[in-house]
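J.: No sequence on hand, only this structure:
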């Protein structure tokens, strides 16, 4: 059985989901693929697992780097789980490209190569955003692309972590009026 609870973040309301094994979902309301992996039958109840996730988010959104990990129950294929593990290894405040994730996943899974597009699909369907930091994944050539919660949230999450976003190209249609942006390098 999955249990859900809501968390009010500075970037919008978040739906959290967990079962007895770990956190299964963390979605911004209205994001692409919202609650896609949530069991049809679930109950709203603040379990110890969801309380731990809320405590983690409290630390994160107050500008701290959480010093504990919430148990996770990642659903999906072996490839999806591997991409999730790779994302979890990206250090706070740093980034990795979809191509680097694809190369790492291929090596770990014993394949000669894997496409960045395949890695992008797995990253895009990450059900546990923020805690599994898909916002730290960027496109080739320092392009900020592909965040299901919106590029503006990706920018803000990276800023909160102290990442230097001045080196990233941000699509014009995704730039919110109140977002602090730096000039892109030429």
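T.: Yep, that arrived. Everything quoted here is computed from the prediction, not taken from an experiment.
J.: Tell me the helix or strand right after the lowest-mean-pLDDT helix or strand in the chain.
T.: Counting by mean pLDDT, DSSP states H and E, the chain has its least confident helix or strand at strand 42-44, which shows a mean of 90. Of the helices and strands lying after strand 42-44 in sequence (DSSP states H and E), the nearest is helix 48-61.
J.: pLDDT of that next one, averaged?
T.: Across helix 48-61, pLDDT averages out at 97.
J.: So which elements touch that helix?
T.: Helix 48-61 sits against strand 2-9, strand 12-18, strand 23-28, with contacts defined as 3 or more CB pairs under 8 Å, 6 or more residues apart in numbering; DSSP states H and E. For the C-beta atoms, the positions are set from N, CA and C on the backbone; glycine is no exception.
J.: ok, now how distant is residue 51 from residue 136?
T.: According to CB to CB, to the nearest Å, residue 51 and residue 136 sit 25 Å apart.
J.: that older thread, the least confident helix or strand of the chain pairs with which strands?
T.: Within its sheet, strand 42-44 is paired with strand 2-9 (parallel), according to DSSP bridges.
J.: Using the three-state scheme, assign the nearest residue in space to residue 162 that is not next to it in sequence.
T.: Counting by CB to CB, 6 or more residues apart in numbering, residue 93 is the residue found nearest to residue 162 once chain neighbours are left out, at 4.7 Å. When classified by DSSP: H, G, I helix; E, B strand; the rest coil, residue 93 comes out as coil.
J.: can you pull the contacts of residue 93?
T.: By CB atoms under 8 Å, 6 or more residues apart in numbering, the residues touching residue 93 are 158, 161, 162, 163.
J.: that older thread, compare neighbour counts for residue 51 and residue 136 and give me the winner.
T.: Using other CB atoms under 10 Å, the more surrounded residue of residue 51 and residue 136 is residue 136, with 21 against 14.
J.: check contacts around residue 140.
T.: Applying CB under 8 Å, 6+ apart, we find residue 140 in contact with 97, 98, 99, 116.
J.: Could you rerun that using 10 Å?
T.: Residue 140 sits next to 97, 98, 99, 100, 116 when contact means CB atoms under 10 Å, 6 or more residues apart in numbering.
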